[in-house]
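Engineer: Here is my input, please return the structure:
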Amino acid sequence: MTRVLILGAAGVVGSVLLEGLSADFELVGIDRTPDRARGIRRGDVAKPRSLGGAFDGVDAVVDLATSPSMELDWPGVERDMAGRVAVLEAMREHGVGRYVFASSNHVTGMYENDEPYAAIVRGDYTGLDPAAIPLVATDWPIRPDSPYGVGKAFAEALTRFYSEEHGLSCINLRIGTVLAADRPANERHYATLLSHADLVRLVRASLDAPPELRHGIYYGVSANTWRFWDLSNAQAELGFEPRDDTERFRDSSLRST
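Structural biologist: Predicted coordinates:
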């Protein structure tokens, strides 16, 4: 069974993955907030010595150990960036071949200031056809909307270097909105939600991807009617097929016609 180290395992995303992947992989959880009941030990990627032998015998790393806050300031971003270097260096030193990084849709968040995305985020679908929306693709220019987004963009570039220079297989997932309640909390989420079940499908597909896939960037979002991120390369290269649509949560009086 593949041994997978999950960094940042105690957060919402990590908790979903610990439960959803446990039947298919041998999981090891690390977090700054330990949880013995779930087998999560204490460790901080910004302090490599605290990780001890966490990378020993590991086949893949799922890296969630960045701050989830959009309010992250520049010193916090710099700390997260140093953490990414520390993780990739540890992988290189221990011969770990597969890196799955929780990047973010905020790497391209400024597109949401443009139409038709701005209208969709507001929940204003007047005159819009969801089938005709130009989908934001991973090869579009990055447009970070915050220091947080800049830090994620740095990590995507860093993984390209480690892939080409050191031969690591690096998969970057620009994850949409993942909420503990697993349902939309505002209008934007009807487009951006990644359900818990689809999150597990996406990360499982990333871990199972062929080793010759050396580097990739993919959006992670459910099969929402109003999603505006392109999933075509995730479908073609990872075999990711989301199944959930946030429209099932829509009050019938608010459904678009």
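Engineer: ok, for Glu156, nearest residue in space, not its chain neighbours?
Structural biologist: Take Glu156 and drop its neighbours on the chain: the residue closest to it by C-beta to C-beta, 6 or more residues apart in numbering is Asn172, 4.9 Å away. C-beta: built from backbone N, CA, C; applies to glycine.
Engineer: Next, the contact list for the one you found, please.
Structural biologist: Counting by C-beta atoms under 8 Å, 6 or more residues apart in numbering, Asn172 touches 101, 103, 155-156, 159, 216-218.
Engineer: One more: Leu193?
Structural biologist: Leu193 makes contact with 176-179, 183-184, 221-222, 224, 246, according to C-beta under 8 Å, 6+ apart.
Engineer: And stretch 178-197, end to end?
Structural biologist: In stretch 178-197, first residue to last residue: 11 Å (C-alpha to C-alpha, to the nearest Å).
Engineer: can you pull the buried residues of that stretch?
Structural biologist: By neighbour count on 16 or more other C-beta atoms under 10 Å, the buried set for stretch 178-197 is 178, 182, 184, 188-196.
Engineer: Make a markdown table from those and add secondary structure, distance to Asp80 and pLDDT to it.
Structural biologist: What follows is those, written out as a markdown table (DSSP: H, G, I helix; E, B strand; the rest coil; distance: C-beta to C-beta, whole Å; pLDDT from 0 to 100):
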| residue | secondary structure | distance to Asp80 | pLDDT |
| --- | --- | --- | --- |
| Val178 | coil | 18 | 97 |
| Asp182 | coil | 26 | 98 |
| Pro184 | coil | 27 | 97 |
| Arg188 | coil | 24 | 98 |
| His189 | helix | 24 | 98 |
| Tyr190 | helix | 29 | 98 |
| Ala191 | helix | 26 | 98 |
| Thr192 | helix | 22 | 98 |
| Leu193 | strand | 24 | 98 |
| Leu194 | coil | 21 | 98 |
| Ser195 | coil | 26 | 98 |
| His196 | helix | 24 | 98 |
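Engineer: can you confirm the residue nearest to Glu156 is in a strand?
Structural biologist: Yes: counting by DSSP: H, G, I helix; E, B strand; the rest coil, Asn172 is found in a strand.
Engineer: From Ser163, how far out is it?
Structural biologist: Going from Asn172 to Ser163 by C-beta to C-beta, to the nearest Å gives 10 Å.
Engineer: same thing with Leu135?
Structural biologist: Leu135 is 25 Å from Ser163, where distance means C-beta to C-beta.
Engineer: So for these two, which sits in the more crowded spot?
Structural biologist: Between Leu135 and Ser163, counted using other C-beta atoms under 10 Å, Ser163 has the larger neighbour count: 19 against 12.
Engineer: Just say helix, strand or coil for Gly14.
Structural biologist: Here Gly14 is recorded as helix under three-state DSSP.
Engineer: separation between it and Asp63?
Structural biologist: Here the criterion is C-beta to C-beta. By it, Gly14 lies 10 Å from Asp63.
Engineer: quick one: common contacting residues for those two?
Structural biologist: The contact sets of Gly14 and Asp63 overlap at Gly8 (C-beta under 8 Å, 6+ apart).
Engineer: Just the strands from the stretch 51-200 of the chain, written as ranges.
Structural biologist: Here the stretch 51-200 of the chain has its strands, by DSSP state E, counting those that start in this stretch, at 60-63, 98-104, 169-175.
Engineer: Now distance to Arg79 and mean pLDDT too, for those strands, in CSV please.
Structural biologist: Formatted as CSV, those follow (distance: least, C-beta to C-beta, whole Å; pLDDT from 0 to 100):
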stretch, distance to Arg79, mean pLDDT
strand 60-63, 14, 98
strand 98-104, 16, 98
strand 169-175, 19, 98
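Engineer: closest to Pro34 out of those?
Structural biologist: Closest to Pro34 of the strands of the stretch 51-200 of the chain, according to C-beta to C-beta: strand 60-63, at 17.6 Å.
Engineer: List the buried residues of that closest one.
Structural biologist: Buried residues in strand 60-63 (16+ other C-beta under 10 Å): 60-63.
Engineer: Can you tell me which of these is nearest Met70?
Structural biologist: Within those, the smallest distance to Met70 is 18.8 Å, found for Asp63 (C-beta to C-beta).
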